[in-house]
Structure formats: C-alpha cells, structure tokens
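Student: Give me coordinates for this.
(chains A, B, C and D)
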Protein chains: 2
Amino acid sequence: MTQDNLDDAPVQAERFSQTRTAQSQALLEDYTEMIDDLIRAHGEARITDIARLMGVTHPTATKAVARLKREGLAVSRPYRGVFLTELGSGMAERVRGRHRLVVDLLLAVGVPPEAAENDAEGIEHYVSDATLTAFAAFLTRQP
Amino acid sequence: MTQDNLDDAPVQAERFSQTRTAQSQALLEDYTEMIDDLIRAHGEARITDIARLMGVTHPTATKAVARLKREGLAVSRPYRGVFLTELGSGMAERVRGRHRLVVDLLLAVGVPPEAAENDAEGIEHYVSDATLTAFAAFLTRQP
DNA sequence: ACAGAAATGTAGCCTCGGCTACATATCGGT
DNA sequence: ACCGATATGTAGCCGAGGCTACATTTCTGT
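Tutor: Have a look, this model is predicted:
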C-alpha cells in the first residue's frame, strides 16, 4: 500500500466505504443491546435509563429510539417503555455474542480486563464474520 | 453488566463517551495517514488523489483537509498539494505503527489476510495504548 | 385527590461528513 | 500562446447525532 496508491484506489476506497457503513450501524447496535440489557434486568427499557447508560441527554436517546423504530428494530408508545421487535432481539443477540467474543479474545492475548471492556465497545462494530470465526477458533485452540 | 445496569451507569456512559470521542478522531487519523502515504509515494498529496483513495468526492476531501488545517495537522495553499505539519507527521507515524500492529495481531490469531486488512481499518481507531502494549507483548511471545 | 416531582415529548440549534452543481484556476498538447 | 481537459474551490443541501429550553404527561406521597 505504501508504494502504488493509485492502483490500489478501488480497494482502498472500498475499505473506507465499508468502515463508514459499519459506523452508521454502530449506534443502532449499541442502543439495541442496551435496550435488551435493560429489558432483561427490569422488564422494560425507559428512555431515561437508556439515556443515562449511554451517557447522552434524553432527547438524544429519544431520537435514537425513533431511528430504531424507523428501522423496525424497536417499538414503543408515548410515555411507555421501549421494546425490541424480533428483528431487534436478533440483532441484540448477535451483538452480545460478538461483544463477548471480542472481549474474550482480547483477554486471551493478554489485554488487561478493564482495557478489554473499554476497547471492545469500539472494536466490536468493525469485526467481520471471517474475523469472528478466526477468534472463536483461536479461543478453542488456547483457552 | 447484565444484572445491575443502574449502578453501572457512570462506567457505561464513560465507555460510550470515549467511543464517541475516538470516532471523531478516526477521520482525522485516516486522512492524515493517507496524506502521509501519498507524500511518501509521490512527493505531494493532491485533493483528487486523497478523495479517490478515501472513496469520497473531492469537496468532501476538501472539507476534511480544512478540518486538518484547523487542527494544525496539515497545511496547504490553493491549487497546491496538501502537506503535513510536524504534528501531522507525528500522528501519521503513530497511526501507521498502530495499524501495522493491529494487522499483525489479527494475522497471528489466524484471521485471513484480506479480512485482517479490512477490519483493521475500522478497529485501529479504538485500540488503547494498554491494548497496544499487550498486542506487542503477545506478538513477541509467539511470532 | 391533588400538588409537586420526575419522566417523556417536542422544537430548534449546532457540527460533521456526505453529496451535487457550478465557478474558477491550472496544466498540457498542438 | 491558446484552448480544452483536468483539478480545485465554493455554495448549499441533507441526515445523523449531539445539545438546551420548554411543554406535557405520568407518578407518588400526603
């Protein structure tokens, strides 16, 4: 990549393009997982709790939930909690599994627990299925 | 995290907040590294080349460069190429090292080369120094 | 039952990072 | 030296995701 950038342009561009796509999915995934967590813990997901846990103000959380609803991941009625659709639950499950796998791999290669948790939050959204599979295989080889 | 979300709120929120900060840095890092690549290869970085390699239109690249200039990472004169300041070069160097380390680690745990390159592009921006250090140590142990 | 507290909704503003359309400058070949 | 091709600049639009300020609804304790 260092020598002939011009010929690599399509490859490179595609790479960055994919990264941008992943970025736009990241928020959806984070909120979906968060809502799933809250429902498991308290039977419902309130806007206020979502906002507090995400570290944003409540109008921001409301907007995010609106987007989730638009994308068919969540449902809610005014002044009532937020719930996930089947689509949303599926995503939450996948995201949760991926998150765990990433954390486990980081721990396995010697990353300190706190850093592993922190970094996984950012990393997990950019890990492809191929990489995920490799992670799982690695963890099986050396537990 | 699955049981008592409410008490974990500050920790969680801080995590997401950090991730958001990293996100806003990611673009700066990508452009900086790209410009550095182009300068190494052709002695200068033209807006058109930057745009093509990043997979965006040229006005988008122009805007990004404007931001780089604002942040003191790059300099440029109208209709002339873009160059990095010392600050920018430093960042490029660090980013380049981190990128290589991430790719190497992915390869070491068995991720296929193409996936490693693709995913590293997204992952690298979210890897903390602690994690980076752990990666380096791991690679030393098993090369 | 009702008043104050807390939760939620809504409006409107900001920045960022995309884009298209159009204007201007530079470059290169004859 | 010129003219067409190419590169760059600029204006203005859009959606996403932050925010504050304010309105409304729900909840809660007396």
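
Student: Next up, phi/psi of A:G43, please.
Tutor: With angles defined as degrees, to the nearest 10, A:G43 shows backbone torsions of phi 80, psi -10.

Student: low-confidence ranges in chain A?
Tutor: Along chain A, segments meeting pLDDT under 70 span A:1-7.

Student: how about the helices in it?
Tutor: With DSSP state H as the definition, chain A shows helices at residue ranges A:5-42, A:47-54, A:58-70, A:86-108, A:113-123, A:129-141.

Student: Nearest to B:M34, out of those?
Tutor: Of all these, it is helix A:5-42 that lies closest to B:M34, at 8.2 Å by CB to CB. In short, each C-beta sits where N, CA and C put it, glycine included.

Student: quick one, that closest one and helix A:86-108 angle?
Tutor: An angle of 110 degrees separates the directions of helix A:5-42 and helix A:86-108 when computed by axes from the mean of the first three to the mean of the last three CA atoms, to 10 degrees.

Student: Helix A:47-54 and helix A:5-42, what's the angle between them?
Tutor: Inter-element angle recorded for helix A:5-42 and helix A:47-54: 130 degrees (by the same axes, to 10 degrees).

Student: Do any residues in helix A:5-42 lie close to DNA strand C?
Tutor: Yes - with CB under 7 Å from any atom of the strand as the threshold, helix A:5-42 lies in contact with DNA strand C, specifically through A:R20.

Student: what's that helix packed up against?
Tutor: Using 3 or more CB pairs under 8 Å, 6 or more residues apart in numbering or on different chains; DSSP states H and E as the contact criterion, the neighbours of helix A:5-42 among helices and strands are helix A:47-54, helix A:58-70, strand A:82-84, helix A:86-108, helix B:5-42, helix B:47-54, helix B:113-123.

Student: do you know which of those lies nearest A:G122?
Tutor: Smallest distance to A:G122 across the helices and strands packed on helix A:5-42 (CB to CB): 4.5 Å, for helix B:5-42.

Student: Quick one: distance of the closest one to the chain centre.
Tutor: Averaging C-alpha coordinates over helix B:5-42 and over its chain gives two centres that are 7 Å apart (CA atoms, centre = their mean, to the nearest Å).

Student: Now it: buried residues?
Tutor: For helix B:5-42, a neighbour-count test (16 or more other CB atoms under 10 Å in any protein chain shown) marks B:5, B:9, B:12-13, B:15-16, B:18-20, B:22-23, B:26-39, B:41 as buried.

Student: Does that helix reach DNA strand D?
Tutor: Yes - Helix B:5-42 comes into contact with DNA strand D (CB under 7 Å from any atom of the strand), by way of B:R20.

Student: Let me see the contact set for the spatially most central residue of chain A.
Tutor: For chain A, the residue lying nearest the average C-alpha position, counting by CA atoms, centre = their mean, turns out to be A:E29 (3.9 Å). For A:E29, the contacting residues are A:91, A:95, A:124-125, by CB atoms under 8 Å, 6 or more residues apart in numbering or on different chains.

Student: Done for today, thanks.
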